[in-house]
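Engineer: got a sequence here, can you build the structure:
(chains A, B, C and D)
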There are 2 protein chains.
Amino acid sequence: MESESALKGLSALAQEARLSVFRLLVKAGPEGMAAGEIARHLAIPANTLSAQLTVLSNADLIQARREGRSIIYAVRFETMRDLLIFLTRDCCAGHAEVCAPLAEIALRGCSAGTGDKDETPARSCCS
Amino acid sequence: MESESALKGLSALAQEARLSVFRLLVKAGPEGMAAGEIARHLAIPANTLSAQLTVLSNADLIQARREGRSIIYAVRFETMRDLLIFLTRDCCAGHAEVCAPLAEIALRGCSAGTGDKDETPARSCCS
DNA sequence: TCATTGATTCCAGAATTATGGAAATATAGC
DNA sequence: GCTATATTTCCATAATTCTGGAATCAATGA
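Structural biologist: The predicted structure follows:
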């Protein structure tokens, strides 16, 4: 990922509502969640949410598919992975105090959880 | 790191000039770089750069110290580490396709480089 | 075809962020 | 104290982003 895409991704996530949407979609996993359901969850007007989903889509962080009358959004994990790798290389290069703890988190992976009090139990992964 | 700090960090990095400044400071390492030198490197007017450095400082991503007439800025790696961990937990939870490659990068650490053609040789780290 | 539901687009006003000229502040050397 | 250098603050303008009402589009079912 070059810095232009990274910038798009960062900008997309750098807003409260959009970060919430993204976090919700991460929880929802590959099956995703319908726009309306997201709107209900986060109490955002449909048209406002739509604009925010467009920003996330343009950054390639999420992906839409139609299912009946609903449009289902799901995270594109490859993009998020690439963004994380970009940032890690940018700030890790030469600095063990960043690399090491991050590696540990990534290895332990999901078992760590998000720290939210309302979080759902983590699934097993990262063999 | 809670989402408010993460948001600050993301916003700070979500701008072309600021991302460049940050990347430059990462390269510069703990010794940091004087504001004027940054400005010369990136061809940004001093006062504009100053505003951008303020944003990065407020997000705690960089730290200033005075040295004679110069003010030296250096990356705060703990903050960047926390931001990366926040993002990793947010998007890695349950998804090996994100965790695994990221863990590998973090373990190999700096040896990977940034991919830029003008990058300096990576230093050894991450034993 | 018509009504309903789910979602988007259009648009304009509000809010925030970015930029840089001019003036001010801080340090150093003479 | 005076001058030069390094940087910041003040301030106004420009640019961008955010928000939501109203209208529109798409799919479903009767």
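
Engineer: what residues are up against the residue most central in space within chain A?
Structural biologist: Nearest to the geometric centre of chain A sits A:Phe22, at 4.4 Å (CA atoms, centre = their mean). Listed by CB atoms under 8 Å, 6 or more residues apart in numbering or on different chains, the contact set of A:Phe22 reads A:12-13, A:56, A:61-62, A:75, B:90-91. Placement of C-beta: from N, CA and C, glycine included.

Engineer: which residues touch A:Ser11?
Structural biologist: Contacts of A:Ser11 by CB under 8 Å, 6+ apart are A:55, A:59, B:14-15.

Engineer: what's the answer for A:Leu49, then?
Structural biologist: A:17, A:21, A:35, A:38-39, A:42.

Engineer: among these, who's most crowded?
Structural biologist: A:Val21 (28 neighbours; other CB atoms under 10 Å in any protein chain shown).

Engineer: now the helix or strand that contains that residue - C-alpha only, PDB.
Structural biologist: For A:Val21, the enclosing helix or strand under DSSP states H and E is helix A:16-28. Output of helix A:16-28 as PDB, limited to C-alpha atoms (Å, rounded to 0.1, in the frame of the first residue of the first chain):
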ATOM      1  CA  GLU A  16     -16.100   9.400  15.300                       C
ATOM      2  CA  ALA A  17     -19.200   8.000  13.500                       C
ATOM      3  CA  ARG A  18     -17.200   6.300  10.800                       C
ATOM      4  CA  LEU A  19     -14.900   4.700  13.300                       C
ATOM      5  CA  SER A  20     -17.900   3.400  15.200                       C
ATOM      6  CA  VAL A  21     -19.400   2.000  12.000                       C
ATOM      7  CA  PHE A  22     -16.200   0.300  11.100                       C
ATOM      8  CA  ARG A  23     -15.800  -1.200  14.600                       C
ATOM      9  CA  LEU A  24     -19.400  -2.500  14.400                       C
ATOM     10  CA  LEU A  25     -18.700  -4.100  11.100                       C
ATOM     11  CA  VAL A  26     -15.600  -5.700  12.300                       C
ATOM     12  CA  LYS A  27     -17.600  -7.300  15.100                       C
ATOM     13  CA  ALA A  28     -20.200  -8.300  12.500                       C
END
